[in-house]
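Asker: I'd like to go over a predicted model; first the sequence, then the structure.
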Amino acid sequence: MSADDSPRRRAALVVNPVKADAPRLRALLESLSTSAGWLPPAVWETSVADPGQAATRRALDEGADAVLVAGGDGTVRAVAEAIAGSGVPLAILPSGTGNLLARNLALPLDDPSTMIRAVFTGDLHPIDIGWAAITRSDGESSEHAFVVLAGIGLDADMIANTRPDWKRAVGWVAYLDGAARSLANSKPFRVVYAIDDGRLHSTKAHSMLFANCGALPAGISLIPDASIADEQLDIAVIRPRGPFGWLAVWRTVWWQNSVLRRTEAGRRIIRLSGESKSVLFERGSTAEAAAEEPRPIELDGDEFGEGARIRCRIDPGALQIVLPAGHDVTRL
């Protein structure tokens, strides 16, 4: 069969019309698909009833050769959940408040044409995805994907207290207001957890995070050694002690992780000052945590109600991510 007789490929776009300019992205994808010799793309819009999983499954069932997702972190999470393990390339068109996966991949945040062109001419790179099994107080359990991080405790409460109208107006800065309102009533809770080997640990904490990658907006490095392709989860236990405990947490996350670690002299200062007791870092391929009472849970910035237990695992290389040609992957 000659090259001209080869089946023509087709892309599918899953778009959140609340977060992204769906007509503009559709027109751009149609134009670039034609230029690349691909068939006209399929376009699926998300809804309240379907945040993206069902649309992605329909695209895969119809034989999409690549799936593009345009929306916030929740939309990216939903599409990633449905496409994981399929081998079909996933291209991210950042369109939300945090754009956390795009930031961790160092993708262009405001240039959709570059990412659409990458579908036809770019590179593919495998990355890990996380899965969180949430057990409710009545014993009901369900498992969901996350691409950035899962959390139980204060961080989930902060998400719940962030006002949607502020997110639309000022972007990720709105989370600072949510954090301030959550901190006012925050109390530590007893958490029992195990990582990989099953050995139990117990501590009082305000939050426990399970990260697939560690970069946040404004240059903040929550977990500086986290890699999205190392087949490992990075766990952070946030446990401020005493009236100045939150200052110690901020010093660790912002000053040490986000500033000092960038230079050899800074890393030497960290070694001399010793490990922080306000933030405990762990690493493993699986991790499980149980609280004395149900606590709020979030996955990639989406509320998932309250849970008594959360068990997270890493799924190595389950996503084939589209990157611009020649994109630097050494820091992923």
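Answerer: Structure's in. What do you need?
Asker: could you pull out the helices for the stretch 101-250 of the chain?
Answerer: Counting by DSSP state H, counting those that start in this stretch, one finds helices in the stretch 101-250 of the chain at the ranges 112-121, 154-160, 164-170, 174-183, 245-250.
Asker: What mean pLDDT does stretch 311-329 get?
Answerer: Averaged over stretch 311-329, pLDDT sits at 96.
Asker: List the buried residues in that stretch.
Answerer: The neighbour-count criterion (16 or more other CB atoms under 10 Å) identifies 311-315, 318-324, 327 as the buried residues of stretch 311-329. Where you see a C-beta, it was placed from the backbone N, CA and C, and this is true even at glycine.
Asker: what do you get for stretch 294-304?
Answerer: Under 16+ other CB under 10 Å, the buried positions of stretch 294-304 are 294-302, 304.
Asker: again, but for stretch 201-211
Answerer: When neighbours are counted by 16+ other CB under 10 Å, the buried residues of stretch 201-211 are found to be 205-211.
Asker: Return it as PDB; C-alpha atoms alone will do.
Answerer: Coordinates of each C-alpha in stretch 201-211 appear next as PDB, following Å, rounded to 0.1, in the frame of the first residue of the first chain:
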ATOM      1  CA  HIS A 201       4.000   5.600  61.500                       C
ATOM      2  CA  SER A 202       1.800   7.900  63.600                       C
ATOM      3  CA  THR A 203       1.900  11.600  63.900                       C
ATOM      4  CA  LYS A 204      -0.300  14.700  64.300                       C
ATOM      5  CA  ALA A 205      -0.600  16.700  61.100                       C
ATOM      6  CA  HIS A 206      -2.600  19.400  59.400                       C
ATOM      7  CA  SER A 207      -2.200  17.800  56.000                       C
ATOM      8  CA  MET A 208      -0.700  14.900  54.200                       C
ATOM      9  CA  LEU A 209       0.200  15.200  50.500                       C
ATOM     10  CA  PHE A 210       1.000  12.500  47.900                       C
ATOM     11  CA  ALA A 211       2.700  14.100  44.900                       C
END
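Asker: Need the contact partners of that stretch.
Answerer: Contact with stretch 201-211 is made by 130, 132, 146, 148-156, 186-195, 222-223, 226, 233-240, 280, 287, 289, 310, 312, as judged by CB atoms under 8 Å, 6 or more residues apart in numbering.
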